Structure formats: structure tokens, C-alpha cells
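[1] Return atomic coordinates for the entry below.
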Amino acid sequence: MSCDSSAPPSVAFCEYIDEEVLSGLENEASRLANDLNRYIHSLQMQVHQCAEITHQSTQACTLAAENVATAVHNAVSQSAQLMTLCDRLDHEMGQLATLKQQIREVKQTLEVMEYAMR
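    Numbers count the residues shown, from 1 in each chain. The predicted model follows:
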């Protein structure tokens with residue numbers, strides 16, 4: 001093997017290249033390229049799966065938030081209805097106080113009449 005020693009070290013080359021070494025380097029480079037391709041493909045699949053899971057998670061969170069909003073809206077609406085019914089009941093119970101007083105007066109009148117009849 002004779003090498004050209006007059007060429008600078010950065011471009012020095014040999015006149016004789018060992019074909020077996022070159023073939024081995026090419027095979028190793030090809031194997032490494034294939035390994036890299038598989039690794040990149042695997043990473044792409046994992047990134048795709050992560051993106052899909054993130055999308056599904058976001059959809060689930062959105063649906064949960066919408067359901068909570070609907071439940072809160074319904075609870076507020078039902079609370080308003082309950083307050084309206086309580087106000088109406090309070091008004092109607094106020095009328096019972098008047099009726100109670102009238103019943104007492106009638107009872108007293110009956111007791112006076114009963115006492116007078118004895």
C-alpha cells in the first residue's frame with residue numbers, strides 16, 4: 001500500500017484501497033442507516049400515538065367540562081324554581097295565619113254560646 005505523502009493531511013489518500021475494508025464499511029453504514037430508519041419510524045409511531053392520546057384526552061376533558069356546565073346550569077335553574085315555590089308557599093302560609101285566627105274566634109264564640117246555654 002503506498003500513500004501520497006505530498007497531499008495535505010486533510011485530503012491525503014492512498015493509492016491502494018482495501019476492498020474488504022471498504023465493503024465492510026459500506027455494509028456497516030447500510031446497517032446503521034437501516035437501524036436509524038427503524039428507530040425514526042418507531043419514534044414517528046410513538047409521536048403519532050401520543051398525539052392521538054392527547055387529542056382523545058382533550059376531547060374527554062371538553063366533554064366533561066360541558067357536562068359540568070350543563071349540571072351547574074340545571075342546578076341553578078332548579079334552585080330558582082325551588083325559591084319561587086318557597087315564596088309561593090310562604091305567601092299561602094300567610095293566609096293560613098288569618099284562617100287560624102278566624103277559627104280561634106269562632107271557637108271562642110262557640111264556647112261563650114255553650115257556656116251561656118248551660
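
[2] Assign the most centrally placed residue in the chain to helix, strand or coil.
    Residue closest to the average C-alpha location in the chain (Cα atoms, centre = their mean): Cys61, at 1.8 Å. Per DSSP: H, G, I helix; E, B strand; the rest coil, the local secondary structure of Cys61 is helix.

[3] burial of Met113, as a residue count?
    Per other Cβ atoms under 10 Å, the neighbour tally for Met113 reads 9. (Each C-beta comes from the backbone N, C-alpha and C, glycine too.)

[4] Lys107 versus that one, what's the distance?
    When distance is defined by Cβ to Cβ, to the nearest Å, Met113 is 11 Å away from Lys107.

[5] repeat for Gln101
    Counting by Cβ to Cβ, the gap from Gln101 to Lys107 is 11 Å.

[6] follow-up on the earlier one: what residues are up against the residue nearest to the centre of the chain?
    Applying Cβ atoms under 8 Å, 6 or more residues apart in numbering, we find Cys61 in contact with no residue.

[7] mind checking pLDDT for it?
    The model reports Cys61 with a pLDDT of 98.

[8] Quick check: which element contains Val72?
    Element membership of Val72 [criterion: DSSP states H and E] is helix 19-117.

[9] centre of the chain versus that helix, how much separation?
    With Cα atoms, centre = their mean, to the nearest Å as the basis, helix 19-117 stands 11 Å off its chain's centre.
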